[in-house]
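Asker: give me a model of this one.
(one chain, ligands or ions: 1)
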Amino acid sequence: MSTQALLGLFLLISLPILAFIVLGRRRRAQLPPGPPRHWILGNLLDLIKTDDLLASVDKWQDSYGDIVSLECFGVTVIILNTLECCIDLLERRPSNYSHRPKMPFVRELVGLDKSFGFMDHCEESVRGRRVANLAFKPSALRQYSPALQDNVVILMQDLVNFPQGFEGVLERRNIQLALSLIFGITLDGTNQHYITTTMDCVYKIAGNVLPGSRIVDFLPFLMYLPSWVPFKREAKQLNALVNDAFGTPFEDAKRRMADGGPLSSFVSLILSSEEIQGDINTEDFQEMMKWASGTMFMAAAESTTSTIRIFFKAMARFPQVQARAQEELDRVLGNRLPTMNDRPSLQYLNALLQEVIRWESIVPSGFPRRTDADDTYRGMFIPKGAVILANSRSISRHEHGNGSPDEFEPGRFLKGGGARPVMDYVFGFGKRACPGRFLAEASVWITIVSVLKCFNIVQLEGSGKLPTAHRSGVIQGTTSLECKVIPRDEVHRAMIQSKAAEMEAAQFT
Ligand code: HEM
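Answerer: Take a look at the predicted model:
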């Protein structure tokens, strides 16, 4: 081979490699700053420490600022730490920032790409959101008020009767509420399995959504490994659980409707809605409804329970806040239980709800998004396919923390302030913002005002000195509450009993 041919061959091979290295370096130099990357693993080791992720995210924000980037096997993860960045990108550039990450583990192997919460922004996900909004927009919520109020009376009756097991009581009542609002199903001796299946499913899904939870999310070709590989076996089991947890209650709801059951649930409302034209009985529509109702149910069951648990924890630690809230309740309500109509008259309680939502965010890093095309923002490069996390925890600490973010202080919301209300960012942004927001607000509100009216929440002796255990994953929460719940006095205990008796009598008239 001549020298010229050899030189030609050398250039042919080396130029693309050189271009790849140079462009890769330049691209990396233009990415938002972030922690140092290992030359092969990138930030894999940072990302898989999901238990410490919150602490790490705080450190990265201090060191690198409003936007932080990490990389792993060619996938870029961008963390947006301020409200301004989230609004600029997630709301003002919706066509590029409204997709969900590819997440091959949960979307393809487990099969959650049938759930509109996991789909990209497309006709099918918009269809799911449309039915959800139809049933849970603010003007539709009034119809659920009686169910929300009745549910909290039974919760309080259970708290009086089973004070020791109050954490289990909370979980059970919230699942019951979600089951009845979404499917019109009441828990009885025959269907207790809904409780275990639902929570098992929610926790397993939540633990597999953040980047770093599964290597296959960075290296999608691993999906094609044989079925005996452990993560594929796990995905198969989770797929069976998901099909059961999303599908069974929908079939149950339809059976109950056919038998003349109550017609006030999400499923019955949509299946009998005049606004949904024509195709209700098609297989395609039924399949869409099965997944849409399952999605709303799963999201509702865990999120409200976690939020109410935060409320209990805060009340036990901050008895002065509890006393002030009870003073307002007694002054405004006298000797009666609250109803949804009392919302406008209970200013301090409304502030307390906002503080519960701000103090400990249950979705601290948002639900991940994905970019659809290369983009630039503040001179930095955001590549196509980047996974985007909205650091809602940091935003609520900085926007409304007023220098004391760890204090539970509802009074901060009586003064106003913050670029936008806390409720307008904790539930996400733009086209993918939470469709259950108004239901969540109403349900948590009636629970906290009713419980505070009738009970004292008291910290167990010797507790509260150590940081409480946390569940990691996309939905986070305190795993042990270390408090007890005691009726305030005989008058309040009697109020609960007489309301419960009234409800029972109404069932038979
Ligand atoms: C305090 C309780 C709740 C909080 C803090 C919360 C928060 C969130 C957040 C941050 C997102 C991601 C939004 C985004 O990508 O920008 C979300 C999505 C979602 N939430 Fe909630 N949520 C709560 C309760 C609920 C309830 C009660 C339901 C159902 C009744 C629900 C249903 C959903 C669904 C279906 C999505 C996915 C929406 C989509 O992908 O288009 N959530 N929620």
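Asker: residues contacting the closest residue to the ligand within the stretch 1-150 of the chain?
Answerer: As assessed by Cβ to the nearest ligand atom, the ligand sits closest to Gly117 within the stretch 1-150 of the chain, at 3.5 Å. Using the backbone N, CA and C atoms, a C-beta is placed for each residue, glycine as well. Contacts for Gly117 (Cβ atoms under 8 Å, 6 or more residues apart in numbering) come out as Arg100, Gly128, Thr295, Ala299, Phe367.
Asker: ok, and the closest non-adjacent residue to the last one?
Answerer: So that's Phe367. For Phe367, ignoring the flanking residues on the chain, the nearest one in space by Cβ to Cβ, 6 or more residues apart in numbering is Val474 at 6.2 Å.
Asker: does the one you found count as helix, strand or coil?
Answerer: Using DSSP: H, G, I helix; E, B strand; the rest coil, the structure places Val474 in coil.
Asker: what about it, how many residues nearby?
Answerer: Close neighbours of Val474, defined as other Cβ atoms under 10 Å, add up to 20.
Asker: so who does it touch?
Answerer: Contacts here follow Cβ under 8 Å, 6+ apart; on that basis Val474 touches Ala206, Val209, Leu210, Val363, Ser365, Phe367, Pro368.
Asker: isn't the fourth one up against Ala440?
Answerer: No. Val363 is not in contact with Ala440 according to Cβ atoms under 8 Å; the separation is 11.1 Å.
Asker: what do the two both touch?
Answerer: Taking Cβ under 8 Å, 6+ apart as the criterion, Val363 and Ala440 both touch Ser303.
Asker: do you know how far the residue lying closest to Leu352 once chain neighbours are set aside is from the ligand?
Answerer: Spatial nearest neighbour of Leu352, chain neighbours left out: Pro410 (4.2 Å); criterion: Cβ to Cβ, 6+ apart. Distance, Pro410 to the ligand, using Cβ to the nearest ligand atom, to the nearest Å: 16 Å.
Asker: isn't Pro410 up against Glu355?
Answerer: Yes. With contact defined as Cβ under 8 Å, Pro410 counts as touching Glu355 (4.3 Å).
Asker: and the contacts of Val474 as JSON lines, adding neighbour count and secondary structure?
Answerer: As requested, these are exported to JSON lines (neighbours: other Cβ atoms under 10 Å; DSSP: H, G, I helix; E, B strand; the rest coil):
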{"residue": "Ala206", "neighbour count": "23", "secondary structure": "helix"}
{"residue": "Val209", "neighbour count": "23", "secondary structure": "coil"}
{"residue": "Leu210", "neighbour count": "24", "secondary structure": "coil"}
{"residue": "Val363", "neighbour count": "20", "secondary structure": "coil"}
{"residue": "Ser365", "neighbour count": "23", "secondary structure": "coil"}
{"residue": "Phe367", "neighbour count": "21", "secondary structure": "coil"}
{"residue": "Pro368", "neighbour count": "18", "secondary structure": "coil"}
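Asker: phi, psi for the residue nearest to Ala253 when sequence neighbours are not counted please.
Answerer: Nearest residue to Ala253, sequence neighbours excluded (Cβ to Cβ, 6+ apart): Phe183, at 3.8 Å. Dihedral angles of Phe183 (phi, psi; degrees, to the nearest 10) stand at phi -120, psi -10.
Asker: same check on Pro319?
Answerer: Dihedral angles of Pro319 (phi, psi; degrees, to the nearest 10) stand at phi -60, psi -30.
Asker: so which strand or helix has Leu349?
Answerer: For Leu349, the host element (DSSP states H and E) is helix 347-359.
Asker: give the other helices and strands that that helix contacts.
Answerer: helix 283-317, helix 319-333, helix 392-400, helix 423-426, helix 437-454 (3 or more Cβ pairs under 8 Å, 6 or more residues apart in numbering; DSSP states H and E).
Asker: 7 Å instead, please
Answerer: On a contact count with 3 or more Cβ pairs under 7 Å, 6 or more residues apart in numbering; DSSP states H and E, helix 347-359 meets helix 283-317, helix 319-333, helix 423-426, helix 437-454.
Asker: rounded mean pLDDT for the longest one, please.
Answerer: For helix 283-317, mean pLDDT rounds to 93.
Asker: circling back: looking at the contacts of Gly117, spot the one nearest Asp374.
Answerer: Nearest to Asp374 out of the contacts of Gly117 is Arg100 (Cβ to Cβ; 18.6 Å).
Asker: circling back to that earlier point, filter the contacts of Val474 down to the ones close to the ligand.
Answerer: Restricting the contacts of Val474 to those touching the ligand (Cβ under 6 Å from any ligand atom) yields Val363, Phe367.
Asker: for the closest residue to Ser396 other than its chain neighbours, which residues are in contact?
Answerer: Of all residues not flanking Ser396 in the chain, Arg358 sits nearest, at 4.4 Å (Cβ to Cβ, 6+ apart). For Arg358, the contacting residues are Ser396, His400, Val422, by Cβ atoms under 7 Å, 6 or more residues apart in numbering.
Asker: go on, Ile79?
Answerer: Residues near Ile79 by Cβ under 7 Å, 6+ apart: Val57, Val68, Leu389, Asn391.
Asker: save those residues as JSON lines, and put in secondary structure and distance to Lys313 too.
Answerer: Listed next are those as JSON lines, based on DSSP: H, G, I helix; E, B strand; the rest coil; distance: Cβ to Cβ, whole Å:
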{"residue": "Val57", "secondary structure": "helix", "distance to Lys313": "22"}
{"residue": "Val68", "secondary structure": "strand", "distance to Lys313": "29"}
{"residue": "Leu389", "secondary structure": "strand", "distance to Lys313": "25"}
{"residue": "Asn391", "secondary structure": "coil", "distance to Lys313": "22"}
